[in-house]
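Student: Curious how this folds, go ahead:
(chains A and B)
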2 protein chains.
Amino acid sequence: MMFLSLPKLSSVAICFLVAATTKVDAFAAPKSMPVSKAVGGSINDASSTPQDIFEEFTKFLINHQTDMISKIEQADGSENAFSRDGWGAFANDNDSSDEQQTKSGGITRVIQGGNVVEKGACSLTIIRNGVLTADRAATIQGRQQQQEGDLVVQEGDIYSAAALSVVLHTRNPFVPTFRSDVRIFLVKSASDDSAVAWFGGGSDLTPYYLIDEDISKFHKDLKQMCDSHFPEGNEYNLSHAQMKQFCDEYFYLPARSEHRGTGGIFFDDLSATKATLSFVEDVATGWMPSWLPIVEKNGSKEFTEEQKHWQCLRRGRYLEFNLLYDRGVKFGLANANPRVEGVMVSAPPKIAFDYNHVPAEGSEEERLLKILKEPKDWTV
Amino acid sequence: MMFLSLPKLSSVAICFLVAATTKVDAFAAPKSMPVSKAVGGSINDASSTPQDIFEEFTKFLINHQTDMISKIEQADGSENAFSRDGWGAFANDNDSSDEQQTKSGGITRVIQGGNVVEKGACSLTIIRNGVLTADRAATIQGRQQQQEGDLVVQEGDIYSAAALSVVLHTRNPFVPTFRSDVRIFLVKSASDDSAVAWFGGGSDLTPYYLIDEDISKFHKDLKQMCDSHFPEGNEYNLSHAQMKQFCDEYFYLPARSEHRGTGGIFFDDLSATKATLSFVEDVATGWMPSWLPIVEKNGSKEFTEEQKHWQCLRRGRYLEFNLLYDRGVKFGLANANPRVEGVMVSAPPKIAFDYNHVPAEGSEEERLLKILKEPKDWTV
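Tutor: Now for the predicted structure:
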């Protein structure tokens, strides 16, 4: 089996985080995105087709959502459990596994007013067997770096996508907001049995106060994990440093010349193979081990009203990014009948906007702003 | 002197509300905008050139800003006076009037934490003698409904713009947020002495609770004022009903199928003449007489924490509109070195986002939502 080389294609998949629809619209490609090395069939075990990887990953996402919820509820310790809004194949708790393997659907789970998590969401979205329109197919085909033997993506080709995303807005300003997602995008030819799939995803922190050792540990753990999957000279041409840079570039507010948080990793257009599946699953299983120690360490720290207000001001920037620049939100809201509450679920619970707020010279608030203007390497 | 017929051109001017720059970028034209009747020189008094009208209106704006601030501070009754951030020709309080008549500049005035106004801004922006780029000139020329004798807008033509905008976010949820602006856009030919100018503007209310008689009075007062300037069969082909409709259409959140508030009036591309100058000045002088009676009537009403929370939730929609759809914000933030705090000054002070908040059946909150989905004529 041959694999397409479509370095920009799976950036489509990010939109499925929030776009609970089978209609795919065009959207602007980001200026700078990781382009993984074009890979041929050699990387894949012959027994693992892109469709197989898609199914295996989808099962992982469904289980991982449940696992996440349980861990977060336990850490939160409040009586505010996650609500569950299922749709499509997941409309009911007892939907059959058969249905879930053939139909589209998703589950939005939300906790509000918790002890640790002031507002948090963990959303599963699975789109199955959408049909590429002529426009969409042309856009995809136009993006690919065509190589001999590659498929030509055409109108009528079938796509599927699956994603799990999480955002945890914290009550305590000394615990950063945690955001992450993992996703897969699959295209199957309408005319033969060839198919191709890509992974995307990332994890990042948005702190309100810089507790350097926490941020450093988060990045060092990510680096260690990335290094184990992508040693120097790996065939995907990926490294932790690149993925950190892509993260900083993506979560950026140009009008403020400011990054949203202290970053993490961000990747897209990563050819889906058994090897990359293992990496992406590690990203997701690392969510709680990377964040919960920070909660345990700082979640009970006392904070002042001013510090809470600073957190609310910074959340204003979080929302600015989501509404002004986030591709998923833009795509989600542009659909004809958007599941708007599902799209907006990532919005922080309480937000403040002051005019011209300037932190005091030498303050911790000012130190954060400086780092957000010039991201640093936290792994050294 | 001949006047251009560029029914879409002055929609550019709305962007000057927030874009404190002399660089003009392209931006998408709105789907539906009022197209006023093309007018020739006959409407203008021969002694009032577009440049004269621009200067007269600009002087009015400068004085009116001071007048507004004074009235709002008096109504607010707190010790939190408006701050003053001047730039360009208005950087200092004592800048000479000569400088202000030849250079660009503006004044952003902001009150925060007042008794009546939880956060409010009144912003003056004046752009003088910008030069149209080839791209921009082509865009303008492409939009115009060319008539015999009309100018051809070309690269190098000179534009000026002036605007005064106000937004008053209220502390008490029984007093609606008031928003309004008036603006002018002037283009002068580089090759001869011909020129043309357009007005734009509007006023609208964003209530959190519907007190019908207040909303009705606001609209009836506007109607009376509009009727006096634009009687049936007027040469501008304008009416209060049209301007109300344009307002409802502009302040609309498509993803939620919901209008932002209960509207008011909205107009654009209105040929600048002595007659329309008088109308636009009436719009601005009507700001406080239309809003202060509501403050006097409801500003001291007691409210619960739940009612305040509802106001914060609704403010989330206000911000959604501003960041997702408002042309001025989009344009303002797209500039190379945006005065970002000036652009974001319209953001409400405290905002909340709950997931899937559904008001109780039969509640006042639910009644508001229904009206926002299907705007009504408040003048009957």
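Student: drop to CA atoms for contacts and neighbour counts, all remaining ones
Tutor: Will do.
Student: Which phi and psi values does residue A:265 adopt?
Tutor: Main-chain dihedrals, residue A:265, degrees, to the nearest 10: phi -130, psi 160.
Student: residue contacts, it?
Tutor: A:202, A:203, A:204, A:222, A:240, A:243, A:244, A:245, A:246, A:247 (CA atoms under 8 Å, 6 or more residues apart in numbering or on different chains).
Student: Where strands are concerned, which of those residues count?
Tutor: In strands, defined here by DSSP state E, the members of those are A:202, A:203, A:204.
Student: Mind putting those residues into a markdown table with pLDDT, distance to residue B:179 and neighbour count?
Tutor: Shown next, in a markdown table, are the ones in strands among the contacts of residue A:265 (pLDDT from 0 to 100; distance: CA to CA, whole Å; neighbours: other CA atoms under 10 Å in any protein chain shown):
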| residue | pLDDT | distance to residue B:179 | neighbour count |
| --- | --- | --- | --- |
| A:202 | 97 | 40 | 23 |
| A:203 | 98 | 39 | 27 |
| A:204 | 98 | 37 | 28 |
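Student: now, which of the contacts of residue A:265 lie within helices?
Tutor: If you go by DSSP state H, those have A:222, A:240, A:243, A:244, A:245, A:246, A:247 in helices.
Student: what two of those residues are the furthest from one another?
Tutor: A:222 and A:246 (14.1 Å; CA to CA).
Student: With respect to residue B:68, which of the ones in strands among the contacts of residue A:265 is nearest?
Tutor: Of these, the one sitting nearest to residue B:68 (CA to CA) turns out to be residue A:204, at 45.3 Å.
Student: Who are the contact partners of the closest one?
Tutor: Shown in contact with residue A:204 (CA under 8 Å, 6+ apart): A:178, A:179, A:180, A:247, A:261, A:262, A:263, A:264, A:265.
Student: now do 7 Å
Tutor: By CA atoms under 7 Å, 6 or more residues apart in numbering or on different chains, the contact list for residue A:204 reads A:178, A:179, A:180, A:263, A:264, A:265.
Student: who wins for neighbours among those?
Tutor: Compared across the contacts of residue A:204, residue A:263 has the highest neighbour count, 32 neighbours, by other CA atoms under 10 Å in any protein chain shown.
Student: Tell me the bridge partners for the closest residue to that residue other than its chain neighbours.
Tutor: Closest residue to residue A:263 apart from its sequence neighbours, by CA to CA, 6 or more residues apart in numbering or on different chains: residue A:204 at 4.7 Å. Residue A:204 forms beta bridges with residue A:179, residue A:264, as assigned by DSSP bridges.
Student: From chain B, how far out is residue A:204?
Tutor: To chain B, residue A:204 is 22 Å away according to CA to the nearest CA, to the nearest Å.
Student: List the buried residues in whichever helix in chain A runs longest.
Tutor: Longest helix in chain A, counting residues (DSSP H): helix A:50-76. Buried residues in helix A:50-76, counting neighbours by 16 or more other CA atoms under 10 Å in any protein chain shown, are found at A:50-51, A:53-54, A:57-58, A:61-62, A:64-65, A:68-69, A:72-73, A:75-76.
Student: Name the nearest of those residues relative to chain B.
Tutor: Nearest to chain B among the buried residues of helix A:50-76 is residue A:69, at 16.6 Å by CA to the nearest CA.
Student: hmm, stretch A:169-178 touching chain B?
Tutor: No - counting by CA under 7 Å from any CA of the partner chain, chain B is not contacted by stretch A:169-178; separation bottoms out at 11.7 Å.
Student: mean confidence score for that stretch?
Tutor: The average pLDDT within stretch A:169-178 is 98.
Student: Please list the residues outside the strand ranked longest in chain A that contact it.
Tutor: What stands out as the longest strand in chain A, according to DSSP E, is strand A:117-131. Contacts with strand A:117-131, where a contact means CA under 7 Å, 6+ apart, come from A:16-17, A:20, A:22, A:65, A:76, A:102-113, A:156-171, A:345-346, A:348-349.
Student: repeat for stretch A:61-81
Tutor: Here stretch A:61-81 makes contact (CA under 7 Å, 6+ apart) with A:111, A:112, A:113, A:114, A:115, A:116, A:117, A:122, A:164.
Student: Name the SS class of the closest residue to residue A:187 other than its chain neighbours, please.
Tutor: The shortest distance from residue A:187 to any non-neighbouring residue, by CA to CA, 6+ apart, is to residue A:159 (4.3 Å). At residue A:159 the chain is in strand, as set by DSSP: H, G, I helix; E, B strand; the rest coil.
Student: can you list the weak-confidence ranges in chain A?
Tutor: Along chain A, the model assigns pLDDT under 70 to residues A:1-47, A:140-151, A:336-337.
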